[in-house]
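Engineer: The following block contains a protein sequence and its predicted model.
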Amino acid sequence: MRRLLLFVGILALLAATAAIALGATGTVGPFTFASGVSGTTFECSIDNSAYKTCSSPYSPTLAAGAHTLRVQEKFVSTTGTPPPPPPSGNHCFSSPRACGYPDPSTGYVGASAACSSLASSGPVTASSQGQTITGLNIVGGVTVTASNVTFTNDCISANGGSRSGSRVVTIANGAAAPRIEHSTIYGSNSTSQSVEEALNNNYSQPGAVADHDYIYNCGECVHGPWKLTNSYVTSNANISGEHYEDIYCSDATFVAEHDVLINPHEQTANLFCDTRGGGGGAADNHITLTNSLLAGSGFSVYPDGNSSSVGSSTMTITGNRFARCLSTSVYNPASGGTSCANGPDSNGFFPKGGYFGIAAATYCSGANQVWTNNVWDDNGASVGC
């Protein structure tokens, strides 16, 4: 059975969402939109109604009043995952977009315009259920206290002072189904003003989605249970005494699909999920990581940290690419890690993918543990669990 996979794309003239003010019933537009991915079609939604097939240019007929038009790309897949990179797409690390991955250098992720061109705003508390906040350059961070809140086409930054526990976006207890899409989320710089957590869902609110986002200048960037799709994340902060992960969760369900996860540090992981906050015991995380590009870190994937057995955990890690540098490997007996003699290069950071290797704290042969079709980015050779 064919399954439609929908994910919002950066649009040429209509940047995912447009506010429409109409003095009387009539036709508005035309709105023009396009995609950088060949074969893409579109669906449109007016005022959060169900998406319906549409095409560019688009001129809807609307009643008098204020309206919001949203447009998303539509891909058709028979496999249940976004389209994979082309078979010839080796060496994707140096140019992810050339292989079909998210890439901020092309405007495919993050806000559609320069942050400085968006309307300036101080810190925001989103306290109205169902509200959409769009087109703002928010300095000072965001707190979401109501359910079904959407941020789209925003820049959201905070000066975390390079402190443990600092964050940019906080999802409060009771704020279910937040959605952060087509937004740029970052610490003010990668050093003294970096943040530990760019997206914080530590209250494990259900239905949290981050889609087509550009996330950087953070340490444990996407924190707690999320569905992270079509996004580019760089754990490039420098916070004394802290670990570095693009994704951190504990006792959680985390889905990462069609993302680029970059970590230039020698620790801890691109994806690290703990067991009872480090307390240990039987593993209980439910991890899906598919069709993504990973580079750097201590271990690329670390899905059941501090666990003692497979427990109730599930793992699906399939269709991913792991980048590695290609000059002569140099083992460091003091740390147990391995670097390239010439340092990071255009192929990756470390010769084993991560400084120590690809995977730790995995139960590859256990029940409900799937590791398939994962390859090295430079040559497409299989990567084992």
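Structural biologist: Now that the structure is in, tell me what you want to look at.
Engineer: May I have the distance across stretch 248-264, first residue to last?
Structural biologist: End-to-end distance for stretch 248-264, by Cα to Cα, to the nearest Å: 16 Å.
Engineer: Quick check: mean pLDDT of that stretch?
Structural biologist: On average, the pLDDT along stretch 248-264 is 97.
Engineer: Enumerate the positions of that stretch that are buried.
Structural biologist: Within stretch 248-264, the residues that count as buried by 16 or more other Cβ atoms under 10 Å are 248-263. For every residue, glycine as well, the C-beta is placed using N, CA and C.
Engineer: which of those lies closest to residue 169?
Structural biologist: Residue 169 lies nearest to residue 248 out of the buried residues of stretch 248-264, by Cβ to Cβ, at 14.5 Å.
Engineer: is the nearest residue to the closest one once chain neighbours are set aside in a bridge, and if so with what?
Structural biologist: If you skip the residues right next to it in sequence, residue 248 has residue 220 as its closest partner in space, 4.2 Å away by Cβ to Cβ, 6 or more residues apart in numbering. Beta-bridge pairing of residue 220, defined through DSSP bridges, involves residue 245.
Engineer: shouldn't residue 220 be in contact with residue 235?
Structural biologist: Yes: applying Cβ atoms under 8 Å, one finds residue 220 in contact with residue 235, separated by 7.4 Å.
Engineer: Overlap in contacts, those two.
Structural biologist: Here residue 220 and residue 235 have 244-245 as joint contacts, going by Cβ atoms under 8 Å, 6 or more residues apart in numbering.
Engineer: doesn't residue 185 make contact with residue 169?
Structural biologist: Yes: the pair residue 169 / residue 185 is scored as a contact, 6.1 Å apart, by Cβ under 8 Å.
Engineer: tell me, what residue is most central in the chain?
Structural biologist: residue 231 (3.6 Å; Cα atoms, centre = their mean).
Engineer: Was I right to think residue 145 contacts residue 178?
Structural biologist: No: the criterion here is Cβ under 8 Å, and residue 145 misses it with residue 178 at 10.1 Å.
Engineer: Counting neighbours, go ahead and name the busier of those two.
Structural biologist: Legend: neighbour count by other Cβ atoms under 10 Å for residue 145 and residue 178, higher for residue 178 (27 against 16).
Engineer: And that one, what's its pLDDT?
Structural biologist: 98.
Engineer: what about residue 263, distance to residue 298?
Structural biologist: Per Cβ to Cβ, to the nearest Å, residue 263 is found 8 Å from residue 298.
Engineer: before we move on, back to that, report pLDDT for the residue nearest to residue 248.
Structural biologist: The model's pLDDT for residue 220 equals 98.
Engineer: got the contact list for it?
Structural biologist: So residue 220 contacts 196-197, 235, 242-245, 248 (Cβ under 8 Å, 6+ apart).
Engineer: wait, which of those is closest to residue 138?
Structural biologist: Taking the contacts of residue 220 together and measuring to residue 138 by Cβ to Cβ, the closest member is residue 197, at 16.0 Å.
Engineer: Now do the SS call for the closest one.
Structural biologist: Assigned by DSSP: H, G, I helix; E, B strand; the rest coil, the conformation of residue 197 is strand.
Engineer: Run a quick check on it versus residue 217, I expect a contact.
Structural biologist: No: using Cβ under 8 Å, residue 197 makes no contact with residue 217, being 11.4 Å away.
Engineer: Provide the secondary structure category for the closest residue to residue 161 other than its chain neighbours.
Structural biologist: Counting by Cβ to Cβ, 6+ apart, residue 161 lies nearest to residue 193, which is 6.5 Å off, once chain neighbours are set aside. Using three-state DSSP, the structure places residue 193 in coil.
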